Each structure stands twice: as C-alpha cells, then as structure tokens.
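Undergrad: this one's sequence-less:
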C-alpha cells in the first residue's frame, strides 16, 4: 500500500484548489521557524492503536499523525473514517501506510501497539519470540526515519518489549519508555477514590514493577488530599489486614482481564493513558508518571538491564529522572523479585 494523504486536488486534471482558492496578501514573510510542528506515529491500527489515535486527535495534541499497519485495507478504512470527521475535530494531517515508513519521518513520538496475538496453548516465551521477530521489522525502520523521537512501547508484554525496542533502536535509555503501569495506577486510584468517595485526581497512588502479575502496589506512599493513608489508619487505630490490601492489588491486575472477558479487548482506558503520556511529553509538562524505564541501579536492581515501571518525570526529551519515592523493605523486595522474573524471560530471547 502506498502512503496516503488528504487530497487537495480535484478532477481528472488534478486541479490544485489550495493554490487558487486564496489570494495572498502583500508584504508577507515565511512562517516563523519557532512555530514547532508536532507529529506522532502510531504503529498498529488495531483496537488499542486506533483508540490512541482517536484520543490524541480529539485532545488536539499534534499537527500530524501517521498510522502504520500491515493490513492495508483496514488501515485505509481507519484513516478515511477519521478524515471524514474533520469538520468535528481540530485540524490535523492524517497519513497512513502499510509498508512505506517514510510517512513516519520527523515524528516527535512513536507509539508502538503492534503485537502478535497469543495462540491458545502457546507458551509465553514462544509469544515473546514471535513479537521480537515482529519488532525486528518495525523498530529499526521507525528509528531510522525519526532518529530524535521518543519511543513508547504499548505492546504486551510491555516491559520486555520495551527492552527489546531499546536494544533494536540504538536510542539512549531516556528516549525509550513503555506505557507500563500508568494505566494500572489509574485503576488503583479509581478503586481507592471510589471506596473513599473522593475525586481520583485527589488520590496519589502508584503501582510499580512489572505490568502484570508481579506488579507492586506502593501502599506506604498512598495519600488522599495530602493525607498518608496507612499512617492515618494507624493513628486512628483503625485495623486493616495485609490480605485486604493484596486483594485490592489483585483487582487492579485483573481489571484488564475482566474488560477483555466482557467486551473482547481493552481500548479506551489505554487510549486515554497513552494520550496522557503524550501530552506530558509533547508539551514538556514535566509531570510524574509510572512508566517502564531502564531500572538498573535503582532500589538495588543490579542483576542486568531490565525495564520496570517506576515513577519518573517526563519531558520533551523523555525521562528526566526517577522520583525518589520511599518504599518499605517489603516493597523493595517485591520490586526486585518482579525484575528477576522479567530478567529470566529476557535471558531466553538471545538479544
């Protein structure tokens, strides 16, 4: 499939209306070089990729969005469907291609959602190896055409594939992140806010580690309206059990599985999560997000290069630094165990 643009020419002769419809004013100057053009590429036009693209468009985050997918007919259909909504959306150029990665050139942010579907009975390692093979055809291409971009991996298992993308891209570690537990932390905040009948934006809570079964809920640092929860319960002599806390963490982990069992896939929440990260990066907001980053050297993680979610400050240049969040000895132990689980799988990939 050739790259496709929004057309400005009509008729068999290709009349270019954009050059004749308007008359230029006198004494004009070229556009100011300070007017920065922002661009996002989304690789993978499935349910997740299109939810991200749609959310980015409606939030007016970029001037241009490029879509890449291996299925040309579906890709063109998705592109046209979005273009037909132009009258209801901020003005954004939408490009698409199934094979020509030049449409991604000059991207500020590249979001990779493409991934192989797990076959019933397939081992996690075999699925990983198929995704690694898929990434070999994607990552070098996007890195070549946008060498200064931030690379964000959303495909699962996100932590290991973020490591794979880092290795294949040759990018510095501060410019490669995974969506990680940004969404898990949102689910965590929602559950706590719902229980306490407060706005989720007033809840400060993080899930760190693997985006998966070995994730770690940082109960020790949770606060609501600036009030640390566990110390408040202790001061008020309100009893709580570790089992209750663990059940809440499992509810967070199982949240995606429940959505998948009900509607077949997840899309909207991850779409908003990635758009939230894109806003912070593209607008240099320097907000703190729990995303998958190179965790070696933090909290005693020194067994090898592993990507885990930690609260980090994000900017236009990528990761500014890891937030020095206090963790209990038990939380640190669980975080290290989460890293060891991923390192064991990574060691079998041969990268």
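TA: Received it, and whenever you're ready, just let me know what you need. Predicted, not measured: the structure shown is a model, and the values here were computed from it.
Undergrad: Tell me the spacing between residue 103 and residue 78.
TA: Separation of residue 103 from residue 78 (CB to CB, to the nearest Å): 14 Å. Glycine gets a C-beta too; all of them are placed from N, C-alpha and C.
Undergrad: Repeat that for residue 167.
TA: Counting by CB to CB - residue 167 and residue 78 are separated by 30 Å.
Undergrad: and what of residue 228?
TA: 46 Å.
Undergrad: out of these two, which sits in the busier spot?
TA: residue 78 (21 against 15; other CB atoms under 10 Å).
Undergrad: for that one, what are its contacts?
TA: Residues near residue 78 by CB atoms under 8 Å, 6 or more residues apart in numbering: 45, 50, 53, 67, 69, 96.
Undergrad: Same check on residue 82?
TA: So residue 82 contacts 53, 54, 57, 89, 94 (CB under 8 Å, 6+ apart).
Undergrad: 7 Å instead?
TA: 53, 57, 94 (CB atoms under 7 Å, 6 or more residues apart in numbering).
Undergrad: Determine the set of other helices and strands touching the helix or strand containing the last one.
TA: What that stands for is residue 94. Residue 94 is part of strand 93-97 when elements are defined by DSSP states H and E. Contacts defined by 3 or more CB pairs under 7 Å, 6 or more residues apart in numbering; DSSP states H and E place strand 93-97 against strand 64-68, helix 72-83.
Undergrad: so which of these gets nearest residue 304?
TA: strand 64-68 (31.1 Å; CB to CB).
Undergrad: I'd like to know which elements the closest one is packed against.
TA: Using 3+ CB pairs under 7 Å, 6+ apart: strand 64-68 touches strand 39-43, helix 47-58, helix 72-83, strand 93-97.
Undergrad: tell me which residues of the lengthiest strand in the chain are tucked away?
TA: As assigned by DSSP state E, the longest strand anywhere in the chain is strand 307-315. Across strand 307-315, burial judged by 16 or more other CB atoms under 10 Å covers 307, 308, 309, 310, 311, 312, 314, 315.
Undergrad: quick one: contacts for the closest residue to the fourth one other than its chain neighbours?
TA: Pointing back at residue 310 there. Excluding the flanking residues, the one nearest residue 310 by CB to CB, 6 or more residues apart in numbering is residue 322, at 5.2 Å. Going by CB under 7 Å, 6+ apart, residue 322 touches 298, 310, 312.
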